[in-house]
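In: with the sequence up front, the predicted model follows.
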Protein chains: 6
Amino acid sequence: MSESGNELSHLDAAGHARMVDVGDKAITAREAIARGRVIMQPATLSLIMSGGMPKGDVLAVARVAGIMAAKRTSELIPLCHLLNLSHASVTFTPDPAGNALEIEATVRCTGQTGVEMEALTAVSIAALTIYDMCKAVDKLMQIDGIRLIAKRGGRSGDWERPDPA
Amino acid sequence: MSESGNELSHLDAAGHARMVDVGDKAITAREAIARGRVIMQPATLSLIMSGGMPKGDVLAVARVAGIMAAKRTSELIPLCHLLNLSHASVTFTPDPAGNALEIEATVRCTGQTGVEMEALTAVSIAALTIYDMCKAVDKLMQIDGIRLIAKRGGRSGDWERPDPA
Amino acid sequence: MSESGNELSHLDAAGHARMVDVGDKAITAREAIARGRVIMQPATLSLIMSGGMPKGDVLAVARVAGIMAAKRTSELIPLCHLLNLSHASVTFTPDPAGNALEIEATVRCTGQTGVEMEALTAVSIAALTIYDMCKAVDKLMQIDGIRLIAKRGGRSGDWERPDPA
Amino acid sequence: MSESGNELSHLDAAGHARMVDVGDKAITAREAIARGRVIMQPATLSLIMSGGMPKGDVLAVARVAGIMAAKRTSELIPLCHLLNLSHASVTFTPDPAGNALEIEATVRCTGQTGVEMEALTAVSIAALTIYDMCKAVDKLMQIDGIRLIAKRGGRSGDWERPDPA
Amino acid sequence: MSESGNELSHLDAAGHARMVDVGDKAITAREAIARGRVIMQPATLSLIMSGGMPKGDVLAVARVAGIMAAKRTSELIPLCHLLNLSHASVTFTPDPAGNALEIEATVRCTGQTGVEMEALTAVSIAALTIYDMCKAVDKLMQIDGIRLIAKRGGRSGDWERPDPA
Amino acid sequence: MSESGNELSHLDAAGHARMVDVGDKAITAREAIARGRVIMQPATLSLIMSGGMPKGDVLAVARVAGIMAAKRTSELIPLCHLLNLSHASVTFTPDPAGNALEIEATVRCTGQTGVEMEALTAVSIAALTIYDMCKAVDKLMQIDGIRLIAKRGGRSGDWERPDPA
């Protein structure tokens, strides 16, 4: 962690929250990829996926929820800047060995600040939506591993998580 | 899983999503407690907590974000019913040994359906807010273990997670 | 039209808008069914439906959009009361002879005022979502026939449209 | 319909919904004009219009509702991009011969994607607001003919509906 | 101020914000009346009012904005409970002698907590809307005297401001 | 007031509300500073501030509420344009002599229209939040003096209130 990293930029010198001023940052193309998973009972995962195909609308509903939440991130996260996203997508991959449904979100914009929070919010709300649709049959589900996988653009340049899996 | 548990109630017979009809369910006092955690570097946790006391507004901002999100759960989770919450609170407990900040949300209402999703949403958005405020100094944070701990009220009665920790 | 029907209840004596006071109305179970349709080119309808089955997520996305909009009706229609919906569903029926996709929404609540606006809003936003997803291939689509089909509950009792089709 | 028009761009190759990437599209001035109408009983139209002048706030309320909804289109239509509108207006024209109130919305922005959905949403919500304010006296109203009349700007250039009336 | 009044009920024992638990409070009919004013130049007031009649839509727009904001109070004020308002109205009275436009909001609901914040929010947003529509001609406007005038219902009973004017 | 100032730009020639077209205005860096105050009993001010330090989360909650409201101004004020704020902050200063808590908001963006409404909205909602958290102990609070202090950028250039105090 660099010395300049010792400060939480969302707080002023008195420790008070503020929306950081990004007015002088360059406008660049930005992308963020985030992942997470919902751990569930094998029977629950089978209910969602049948022969590799989703049953009914479950994944479609969660996908829409994640995309819509990405667009509203700045309403939910108090110090986030509003960004006009140019792209958002959410994909699901069953992991029967891990008793999990993997979720990945990709978000892009051209702006003065990154879209990590938008990608992470999309994953989180997609996961909660899966949870909501399955909670009547599985009270032990757990949402895990919500994390940034990669980001591109911006002053700090490209970054990839050393241990993405 | 009971036989009646083989159906995802949020889908109709054709597999199409719908808001389940709760009009015939009893109006009872309900409570849900959910937990989750943000895994972070020790230096990040120290930045948030100093001598056991939070530094600046970090936790206060995350607490507000979680409470506000709980109230808006039905806007975020497509098939959730709108509920008039009678109480919502979010608490944080540092876990230095686990390199984590633990988050717990308690939500109550008197209504026809439970408040699990509201409690889980409060935890998720509080966690994302912590992430947002610390991401400039720690790109490796991860949100883990978002799960229901207990619920009270409703037809299915009280429930506690067998393995809450 | 009865004599008492000569007044627009959403305006006061001076013609100023207000949210009508429903505080003295009985709390009853209420239901509203609304319909509408999107007129489109045959090729567009074929893109959505293939062999009677929807292609991809088109209808699932529109269904979710309609349900979510129903819940937010009071934010969109200035003088509508907020209602806690107990049920909302949206269904689609292709009408190849009429070059149209038919949309029907059913909404229920237990409250002091009806859910007509919620059902009509669900149909309208579902129709606009269909439009949005198909507009790249069909600029001539048209949304038609948004109307109330039936309502149940409330002081004025049950009502069915004389000419529903 | 061109060959490239055979694809619904809001779906990926697997048929899954996504927010289309507009990051490479040119930023141009864009405008869209949409129309629709509310069919109503002659007595209802008379209640709204008296001697050519609107009675009370009815049209003012509907106008505001339409403009506000245009700004929130991306929250309502799941795959719409957020746009910073530079202009929005809604006008009403009584059509006594057609037992209808005609609604027209004009929306403009400078951005990477068009404002059709914003104009159509403004018309739809203005129509629903008229409906709401008059429904106590006229249960047979119907919203019809919501359609795009013209669009300007963007890669595909200017377009006018061949049969606008 | 009573001894029990020495505590800010929105904070727990540790000083942390929470949504107060109102689950045990009685459901009663409640009303709140709030007032405020916009101080402006005489010429600005004349632009709004002509011969005692409002010019154009200015007051109608502000009235709608106030009513809509009342319904969304719980989204804006972090610890406010969501309430289903049964009535909301906003009135304006020019005060030429005081170079002011007086605003009054009345809000009612049947619930477990009062509607003071909803009435005060309606006045505030109506005032800001007046400000917005007139700011191009008057940069010196000021919003003053936003206060509760009366409240009815609830455990503490009826209350009227000793100095309402 | 200049001659061109005799028109309310938010109304068209017929007096109908519209969102003014800002499409031809230059994109410049803009800033607005607004102030207001909450008048309260000395005991209430003491409850908030203890030895110059805020007690518990009161000011942190109000600060977050103000910042979040600034971002949503265009949803609340009907004819406001959506702006992507680059910075927002809210500060509080106790004024024991005046029995008041002073509130100041600073908002910045790079865009085609100013951020006065965003700064004024931040002050208003922060003030209402203070009111909400203290209303159980002080029913006589009053919100006063909400006004623009300075603005920078845009065609009309920099401006400072002649009498800011």
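Out: Yes, it's here.
In: which residues are in contact with the residue positioned nearest the centre of chain A?
Out: What sits nearest the mean C-alpha location of chain A, by CA atoms, centre = their mean, is residue A:120, with 1.9 Å. Taking CB atoms under 8 Å, 6 or more residues apart in numbering or on different chains, we find residue A:120 in contact with A:32, A:34, A:105, A:146, A:147, A:148, B:128, B:131, B:143. In short, each C-beta sits where N, CA and C put it, glycine included.
In: reformat the residues you listed into JSON lines and put distance to chain C, neighbour count and pLDDT next to each item.
Out: Putting the contacts of residue A:120 into JSON lines (distance: CB to the nearest CB, whole Å; neighbours: other CB atoms under 10 Å in any protein chain shown; pLDDT from 0 to 100) gives the following:
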{"residue": "A:32", "distance to chain C": "23", "neighbour count": "26", "pLDDT": "98"}
{"residue": "A:34", "distance to chain C": "21", "neighbour count": "29", "pLDDT": "98"}
{"residue": "A:105", "distance to chain C": "16", "neighbour count": "30", "pLDDT": "98"}
{"residue": "A:146", "distance to chain C": "22", "neighbour count": "28", "pLDDT": "98"}
{"residue": "A:147", "distance to chain C": "26", "neighbour count": "21", "pLDDT": "98"}
{"residue": "A:148", "distance to chain C": "26", "neighbour count": "25", "pLDDT": "98"}
{"residue": "B:128", "distance to chain C": "21", "neighbour count": "27", "pLDDT": "98"}
{"residue": "B:131", "distance to chain C": "26", "neighbour count": "25", "pLDDT": "97"}
{"residue": "B:143", "distance to chain C": "25", "neighbour count": "29", "pLDDT": "98"}
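In: how about those residues in CSV, adding distance to residue D:90 and secondary structure?
Out: Below are the contacts of residue A:120 laid out as CSV (distance: CB to CB, whole Å; DSSP: H, G, I helix; E, B strand; the rest coil):
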residue, distance to residue D:90, secondary structure
A:32, 37, strand
A:34, 39, strand
A:105, 36, strand
A:146, 42, strand
A:147, 45, strand
A:148, 42, strand
B:128, 37, helix
B:131, 41, helix
B:143, 43, strand
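In: element containing the residue in chain A that chain E sits nearest to?
Out: The minimum distance from chain A to chain E, using CB to the nearest CB, falls at residue A:75 (8.8 Å). In this structure, residue A:75 sits in helix A:73-76 according to DSSP states H and E.
In: ok, residue A:118 next?
Out: Counting by DSSP H and E, the element that carries residue A:118 is helix A:116-134.
In: quick one: the helices in chain A?
Out: A:42-48, A:58-71, A:73-76, A:116-134 (DSSP state H).
In: ok, which of the ones you listed comes nearest residue E:96?
Out: Judged by CB to CB, the one of those that comes nearest to residue E:96 is helix A:73-76, at 40.6 Å.
In: ok, residues contacting the helix holding residue A:75?
Out: When contacts are defined by CB under 8 Å, 6+ apart, helix A:73-76 is touched by residues A:69, A:80-83, A:117-118, A:121, B:65, B:68-69, B:72, B:76, B:125, B:128, F:68, F:71-72.
In: give the buried residues for that helix.
Out: By neighbour count with 16 or more other CB atoms under 10 Å in any protein chain shown, helix A:73-76 contains the buried residues A:73, A:74, A:75, A:76.
In: nearest to chain C: which residue in chain A?
Out: As assessed by CB to the nearest CB, chain C sits closest to residue A:60 within chain A, at 3.6 Å.
In: no more questions from me, cheers.
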